[in-house]
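**Q** Build the 3D model from these lines:
(2 chains)
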Amino acid sequence: MKALIVDDAKVVRVTLARMMGQLGYEAVKAEDGRQALDAMAEHPDVDVVMLDWNMPVMNGYDFLVALRGMAQHATHPKVIMVTTETGMPSMLKALAAGADEYIMKPFDQDMVAGKLAMVGLEAAG
Amino acid sequence: MQASEFRYMQQFLLRKIGLSLADDKQYLIKSRVTRLLREHQLDDANAVARAVRRDENGPLAQQVLDAMTTNETLFFRDQYPFEALRDLIFPELIHAKGRHGKINIWSAASSTGQEACSIAMTASESVPEPGRVHILGTDFSAKAVEYARRGVYTQMEVQRGMPIKQLVRFFDQQGSSWAVRPELKAMMHFDHANLVDNSLAAKVRRHGPFDVVFCRNVLIYFTPEERAHVIDRISRCMHKGGYFISGATETPEGRLSRWNQVMFKGKRLWQLQ
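**A** Next up, the predicted model:
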């Protein structure tokens, strides 16, 4: 199982990669939406994208819209927003754009594992 | 902890709430009562035990009982009980009671209300006219009951077990907290009740008889004898054929009540004979 972790904050990328590793996922990392699109081209077999919202160059929402606009990624991979955007309007906007789940920061490993299960991905390890 | 004080606490917990604490569980008392020390200006768990002994019905004693019984919980815990409601139990009840008959459900160890809320959300999504579903939540802890009645959860709590689609559908945002919407709240009633109390049936009667009882991860704390009494007490509040949903490893073994095992997706549910 493979996860793409997209966040401009290194500490979040490292923390999420460690958690996902413990849940049995191989982690690919990107620092913004543009890098994430490149990563998707290189790793089309990604099962889940853990996606920050506010990032430079290309934000998470624009990445999500671009990703779901590609025929091969209309519903795959699963996308879980992981963000400080905690207002309900943001959640509705992300869901409408094709996000599958939503994590409001801060988070812990139990929460990540729970959200993976909610999108039909059990811990792989 | 001194052996004499630990033995006293074991007996106190058993007498008051039927909690059976094994001899190797001293650490559990110590860890749970630590946060009460400062408030009551006590030095350690031994001092707590001595203070409880002096007034077994006082506020400290109640706080100790709360601390020993309140566990962190989550929404849609274990998932399968709610799938069973949706796919098996509600369709059966709707068939039997018609489109308008009342459906009574009891969350018998409701803690801070997440289980009752999860039942209410499931009913809202799968029962026509969900207003006819009445959910009673009871807990031994008055503090937990108060929390459940308020129905306002933290950001961390709403993210434990609850899919985002249910959150935006059934909750209103209040800053960084999330409040259960009125239509869901109207289906639920929370009250203080002790499962080992003989007056339990009288207390919950006006909310029943129940078609479904959730009583999960509680029976394990009772002695086998007390457990049988609790099961029989609950069974007297249920409709014949009503479903009992226990923790995955728990079995309802009453002295007077008889139960049929029903398998749902490889998990055991119980039906009152």
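**Q** helix, strand or coil for the residue in chain A positioned nearest to chain B?
**A** Chain A approaches chain B most closely through residue A:102 (4.1 Å), counting by Cβ to the nearest Cβ. Backbone N, C-alpha and C define where each C-beta goes, glycine included. When states are read from DSSP: H, G, I helix; E, B strand; the rest coil, the local structure at residue A:102 comes out as strand.
**Q** and it, bridged to which residues?
**A** Beta-bridge pairing of residue A:102, defined through DSSP bridges, involves residue A:81.
**Q** Next, count neighbours for it.
**A** Residue A:102 sits with 26 neighbouring residues when counted by other Cβ atoms under 10 Å in any protein chain shown.
**Q** just residue B:241 next, same as before
**A** By other Cβ under 10 Å, the residues close to residue B:241 number 13.
**Q** That one touches residue B:270, doesn't it?
**A** No - under the criterion of Cβ atoms under 8 Å, residue B:241 lies out of contact with residue B:270, with a separation of 11.1 Å.
**Q** for the residue of chain A closest to chain B, what are its contacts?
**A** The neighbourhood of residue A:102, defined by Cβ atoms under 8 Å, 6 or more residues apart in numbering or on different chains, consists of A:80, A:81, A:83, A:91, A:94, A:95, B:164.
**Q** What count of nearby residues applies to the fourth one?
**A** Looking back up the chat, that one is residue A:91. Residue A:91 - counted by other Cβ under 10 Å - has 21 other residues nearby.
**Q** would it count as being in a helix?
**A** Yes - secondary structure of residue A:91 (three-state DSSP): part of a helix.
**Q** For it, report the pLDDT, please.
**A** With respect to pLDDT, residue A:91 has a value of 98.
**Q** Give me the below-cutoff pLDDT ranges for the chain.
**A** I went with chain A, as the question did not name one. Under the criterion pLDDT under 70, the flagged ranges of chain A are A:123-125.
**Q** wrong one, I was asking about chain B
**A** Under the criterion of pLDDT under 70, the regions of chain B flagged as low confidence span B:70-71.
**Q** Quick one: name the residues of chain A near chain B.
**A** Where proximity means Cβ under 8 Å from any Cβ of the partner chain, the interface of chain A facing chain B comprises A:86-88, A:91-92, A:95, A:101-104, A:107, A:110-111, A:114-115, A:118.
**Q** Drop anything exposed from the residues you listed.
**A** A:91, A:95, A:101, A:102, A:103, A:104, A:107, A:111, A:114, A:115, A:118 (16 or more other Cβ atoms under 10 Å in any protein chain shown).
**Q** that older thread, neighbour-wise, which of the contacts of residue A:102 leads?
**A** Counting by other Cβ under 10 Å, residue A:81 has the largest number of neighbours within the contacts of residue A:102, with 27 neighbours.
**Q** Strands along the chain, start to end?
**A** As the question left the chain open, I've gone with chain A. Secondary structure of chain A, counting by DSSP state E: strands at A:2-6, A:26-30, A:48-51, A:78-83, A:101-104.
**Q** please go with chain B instead
**A** For chain B, the strands defined by DSSP E cover B:103-107, B:133-139, B:152-154, B:171-174, B:177-180, B:188-192, B:210-215, B:238-246, B:259-264, B:267-272.
**Q** Minimum distance to residue B:78: which of these has it?
**A** When the strands of chain B are ranked by proximity to residue B:78, the top entry is strand B:267-272, at 8.2 Å, counting by Cβ to Cβ.
**Q** quick one: contacts for residue B:35?
**A** When the contact criterion is Cβ under 8 Å, 6+ apart, the partners of residue B:35 are residue B:67.
**Q** try it again with 10 Å
**A** Taking Cβ atoms under 10 Å, 6 or more residues apart in numbering or on different chains as the criterion, residue B:35 is in contact with B:63, B:67.
**Q** Leaving out chain neighbours, which residue sits closest to the residue in chain B positioned nearest to chain A?
**A** With Cβ to the nearest Cβ, the shortest gap between chain B and chain A falls at residue B:164, namely 4.1 Å. Spatial nearest neighbour of residue B:164, chain neighbours left out: residue A:102 (4.1 Å); criterion: Cβ to Cβ, 6 or more residues apart in numbering or on different chains.
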